[in-house]
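**Student:** pasting the structure only:
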């Protein structure tokens, strides 16, 4: 069976250099310290250490490289370190990649928090445990989009609902402004819109526990939440993908069949309604669930009871 060697830590590497400086061969050093000779050779070549006949002649001392690593971990850019220690930039990049592999990640993490242009409660959706969080989760289910290739949440609404986006902005303490613009759509040319987008790995990862990234309409599933939060989640979803039929005093929901079927079952099993709604034209990926006048009244009463967050134009007074 192949023998496992010790991992070449900074302390062991410094000890290996001391032994090499004292005249010991690389093979004997590796054997004495129980190290992999290939790994030792690789790190020695990175600092241009010359042994044998040219022993003790290497370009960068271990102390210099340790200083480079410490400066990188402190958040200093590689360009500044290169000028500070007089090490050429490409060589320094290569050295830090192997001798301090975590330094780049730590720098990026610090830079993201220290130099980001906007502030936000990025952990807002980490735990869904309040009315506000459940409501906005439902709203994002309907009208939000998680980018597939980047950590970005995007919500685009008609400009008439711009104030509703501002409510979300306040809820998550987001310092950026809501964007207004005009764009042609499949339904209307020169359509005015309101847009809010947030770049956040934490928020997108938390939301992706519930909502698929990329195209989601045919994939979203009815979530598992605390029983007392479904009222707010469903109200949020209704404000995004629900509608009122004022002439009949009825309401309906849009979405994929599986999600709407689970929604209907929830209403029945929780005693909100006694009569099930009916599915309208559509497919497995998109359909409509509509309820009669009696059931619609009961659902509205359920959704808006003691509610503090909702889209005013869809709220019907009970």
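**Tutor:** Perfect, thanks for sending it. Everything quoted here is computed from the prediction, not taken from an experiment.

**Student:** all helices for the chain, in order.
**Tutor:** Ranges of helices in the chain, per DSSP state H, are 10-21, 26-32, 37-46, 62-73, 78-85, 89-99, 103-115, 131-143, 162-171, 201-207, 230-241, 257-269, 293-304.

**Student:** The first one packs against which elements?
**Tutor:** So that's helix 10-21. helix 26-32, helix 37-46, helix 62-73 (3 or more C-beta pairs under 8 Å, 6 or more residues apart in numbering; DSSP states H and E). Where C-beta positions appear, they are placed from N, C-alpha and C, glycine not excepted.

**Student:** Mind doing that once more with 7 Å?
**Tutor:** For helix 10-21, the packing partners by 3 or more C-beta pairs under 7 Å, 6 or more residues apart in numbering; DSSP states H and E come out as helix 26-32.

**Student:** Poorly predicted segments of the stretch 101-250 of the chain, please.
**Tutor:** In the predicted model of the stretch 101-250 of the chain, residues 101-117, 187 satisfy pLDDT under 70.

**Student:** circling back: reformat the helices of the chain into a markdown table and put distance to residue 314 and mean neighbour count next to each item.
**Tutor:** Converted to a markdown table, these look like this (distance: least, C-beta to C-beta, whole Å; neighbours: other C-beta atoms under 10 Å):
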| stretch | distance to residue 314 | mean neighbour count |
| --- | --- | --- |
| helix 10-21 | 62 | 16 |
| helix 26-32 | 72 | 15 |
| helix 37-46 | 63 | 15 |
| helix 62-73 | 52 | 17 |
| helix 78-85 | 53 | 14 |
| helix 89-99 | 54 | 15 |
| helix 103-115 | 37 | 13 |
| helix 131-143 | 11 | 23 |
| helix 162-171 | 10 | 17 |
| helix 201-207 | 23 | 18 |
| helix 230-241 | 6 | 25 |
| helix 257-269 | 17 | 17 |
| helix 293-304 | 10 | 18 |
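
**Student:** can you list these in TSV and add distance to residue 177?
**Tutor:** As requested, those are exported to TSV (distance: least, C-beta to C-beta, whole Å):
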stretch	distance to residue 177
helix 10-21	47
helix 26-32	60
helix 37-46	47
helix 62-73	35
helix 78-85	33
helix 89-99	37
helix 103-115	19
helix 131-143	18
helix 162-171	8
helix 201-207	18
helix 230-241	21
helix 257-269	32
helix 293-304	30
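
**Student:** Tell me which of the ones you listed sits nearest to residue 285.
**Tutor:** Residue 285 lies closest to helix 257-269 among the helices of the chain, at 7.6 Å (C-beta to C-beta).

**Student:** so what does the closest one touch, helix or strand wise?
**Tutor:** Taking 3+ C-beta pairs under 7 Å, 6+ apart as the contact cut, helix 257-269 packs with strand 287-291.

**Student:** Contacts for the strand it packs on, please.
**Tutor:** Outside of strand 287-291, the residues within contact range by C-beta atoms under 7 Å, 6 or more residues apart in numbering are 250-254, 257, 260, 263-264, 277-280, 282, 299.

**Student:** which residues does residue 124 contact?
**Tutor:** Counted by C-beta under 7 Å, 6+ apart, residue 124 has contacts 133, 172, 203.

**Student:** With distance to residue 13 as added columns, please give the residues you listed in TSV.
**Tutor:** Formatted as TSV, these follow (distance: C-beta to C-beta, whole Å):
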residue	distance to residue 13
133	49
172	46
203	40
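
**Student:** which one of those is nearest residue 34?
**Tutor:** Distances from residue 34 to the contacts of residue 124, taken by C-beta to C-beta, are shortest for residue 203, at 46.5 Å.

**Student:** burial count for the spatially closest residue to the closest one that is not a sequence neighbour?
**Tutor:** Nearest-residue entry for residue 203: residue 122, 5.2 Å, with adjacent residues in sequence omitted and distances by C-beta to C-beta, 6 or more residues apart in numbering. If you count neighbours by other C-beta atoms under 10 Å, residue 122 ends up with 21.

**Student:** before we move on, what about residue 22?
**Tutor:** Residues near residue 22, counting by other C-beta under 10 Å: 10.

**Student:** Out of the contacts of strand 287-291, which is nearest to residue 158?
**Tutor:** Of the contacts of strand 287-291, the one sitting nearest to residue 158 (C-beta to C-beta) turns out to be residue 254, at 15.5 Å.

**Student:** so who does the residue nearest to residue 156 when sequence neighbours are not counted touch?
**Tutor:** Once flanking residues are discounted, residue 156 sits nearest to residue 195: 4.9 Å by C-beta to C-beta, 6+ apart. Contact analysis of residue 195 by C-beta under 7 Å, 6+ apart lists 156, 178, 179, 181.
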